[in-house]
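In: after the sequence you'll find the predicted model.
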Amino acid sequence: MTTRTATLQNTALALALAAAGLAAAQPQEARAVEIAISCGAVGIELELCREAAERWAAETGNTVEVVSTPNSSTERLALYQQILAAGASDIDVYQVDVIWPGILGTHFIDLAPYTGGIEAQHFEAIVANNTVDGELKAMPLYTDAGVLYYRADLLEKHGLPVPTTWAEIGQTARAVLAAEQDEGLWGYVFQGRAYEGLTCNALEWIDAYGGGQIVDADGEITVDNAAAAAALTEIAGWMADIVPPGALNYTEEESRGVFQSGNAVFMRNWPYAWALAQSPDSPVRGKVGVTTLPAGAGEGAAPTGTLGGWNLAVSRYSEHPEIAADLVMHLVSAQEQKIRAVRGAYNPTMPALYQDAEILAATPFFGDLFDTFANAVARPSRVTGDKYNRVSAAFWESVHDVLSGEADAPTALAALEGDLARIKRRGW
Ligand code: GLC
């Protein structure tokens, strides 16, 4: 057993003890079982997951063990692969990234017999994404799209409009920094670590310039093109002055930390950062605007946002798959999606909830940016299937090299095209 798995189990044990203490107050049924669920812990995700799972436990008399996993999607995948490859039954319900059904799907049961058809009320594209070889491998928990956060107070103070192109973000950031003369203030923060989050950011730059989706829907490798090079060159030009030096190691939470403490004019992040930026103790509360990520330049320029999001799957190695599926159906229900949307700004996966007055009051941009969420650009995970993580890793490494000045964009993209061709070999 590896150290990582052992650490997970220690955490799991501690959480299980806590859960058992809570469950002791609930009436127990003779057949009650314990279901272990792995949840994310970005923002207030873990807290929301635990509370929701405990509502189900109270209703059913079962108990839940909530296991927290690494924040980085890339590290979480590696951990899941270890546990699942061993056929371990430690975790019954897995929170899985929208890009994983093709990579992990064989380890999950078909949820279709347990849904009562409710998947028809969720975004069709997500349900299709989660369906592999005709089996519904996961139910949608929340969806995501990259958005642009800006300091509305600073733009107003300096009479600057909200940027609508990437080049304008750079220009506006430089203008604010020059006017503010504040050493602690940076222009732009994003997810620059060499991991899945950088793939999401860089896909947004490239797609905004009309440079495609790395690999197209037919499986052709398209990443080595002039629009993609122009996009990467633009952002690489920000590294020396408007981006903090540490950003090449930031994930979501590090970038949010800088922005939320008032030290950045712009931030690229997912919607969850809104609830925290607006929380009562946030230094930027009431000063933040959220809008769609901008367009690039040139012919194919268009605003965009990468499609993200998380789903729940039941392990094939679970000892209680039916009860685990019941927990999944509780967690993805409209009532639980609403709580997550209002408290944590996690995007519902049911279109009807985007009309809900309480949700729109808590997170107004869910209404304003509905089209961004509905038309977000997908990473090429469906077409590349179980090779997606290798494709993404080759991509984020190349982008990281360009941002850190180790290669220029055209050279890096030409080399990447060759790497991707080797990963593809005769087909995806
Ligand atoms: C968010 C997205 C997920 C993505 C990850 C990358 O959690 O929902 O799809 O892979 O960020 O960091």
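Out: Right, received. Where do you want to start? Numbers count the residues shown, from 1 in each chain.
In: all strands of this structure, in order?
Out: With DSSP state E applied, the chain shows strands at 34-39, 63-68, 93-97, 131-132, 135-136, 139-145, 147-151, 186-189, 264-269, 288-292, 307-314, listed in chain order.
In: make JSON lines out of those and add mean pLDDT.
Out: Rendered in JSON lines, the data for these read as follows (pLDDT from 0 to 100):
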{"stretch": "strand 34-39", "mean pLDDT": "97"}
{"stretch": "strand 63-68", "mean pLDDT": "96"}
{"stretch": "strand 93-97", "mean pLDDT": "98"}
{"stretch": "strand 131-132", "mean pLDDT": "97"}
{"stretch": "strand 135-136", "mean pLDDT": "98"}
{"stretch": "strand 139-145", "mean pLDDT": "98"}
{"stretch": "strand 147-151", "mean pLDDT": "98"}
{"stretch": "strand 186-189", "mean pLDDT": "98"}
{"stretch": "strand 264-269", "mean pLDDT": "98"}
{"stretch": "strand 288-292", "mean pLDDT": "98"}
{"stretch": "strand 307-314", "mean pLDDT": "98"}
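In: name the nearest residue to Leu413, ignoring sequence neighbours.
Out: For Leu413, the nearest residue in space outside its immediate sequence neighbours is Asp224; the separation is 4.5 Å by Cβ to Cβ, 6 or more residues apart in numbering. Where you see a C-beta, it was placed from the backbone N, CA and C, and this is true even at glycine.
In: spit out the contact partners of Phe123.
Out: Counting by Cβ atoms under 8 Å, 6 or more residues apart in numbering, Phe123 makes contact with 140, 143, 349-351, 374.
In: I'd like to know which of those residues is nearest to the ligand.
Out: Ranking the contacts of Phe123 by separation from the ligand, with Cβ to the nearest ligand atom as the measure, puts Thr143 on top at 7.8 Å.
In: report the contact partners of the closest one.
Out: Neighbour list for Thr143: 98, 123, 126, 307-309, 347-349, 373 [criterion: Cβ under 8 Å, 6+ apart].
In: distance of it from Leu307?
Out: In this structure, Thr143 and Leu307 are 7 Å apart, going by Cβ to Cβ, to the nearest Å.
In: which residues do the two both contact?
Out: Common neighbours of Thr143 and Leu307 are listed as Val98 (criterion: Cβ under 8 Å, 6+ apart).
In: about what we covered before: could I get the strands of the chain as JSON lines with distance to Leu77?
Out: Conversion of the strands of the chain to JSON lines gives the following (distance: least, Cβ to Cβ, whole Å):
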{"stretch": "strand 34-39", "distance to Leu77": "12"}
{"stretch": "strand 63-68", "distance to Leu77": "15"}
{"stretch": "strand 93-97", "distance to Leu77": "7"}
{"stretch": "strand 131-132", "distance to Leu77": "16"}
{"stretch": "strand 135-136", "distance to Leu77": "20"}
{"stretch": "strand 139-145", "distance to Leu77": "16"}
{"stretch": "strand 147-151", "distance to Leu77": "24"}
{"stretch": "strand 186-189", "distance to Leu77": "24"}
{"stretch": "strand 264-269", "distance to Leu77": "20"}
{"stretch": "strand 288-292", "distance to Leu77": "28"}
{"stretch": "strand 307-314", "distance to Leu77": "12"}
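In: I'd like those written out as TSV, with distance to the ligand added.
Out: Putting the strands of the chain into TSV (distance: least, Cβ to the nearest ligand atom, whole Å) gives the following:
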stretch	distance to the ligand
strand 34-39	12
strand 63-68	14
strand 93-97	5
strand 131-132	17
strand 135-136	19
strand 139-145	4
strand 147-151	12
strand 186-189	14
strand 264-269	9
strand 288-292	16
strand 307-314	3
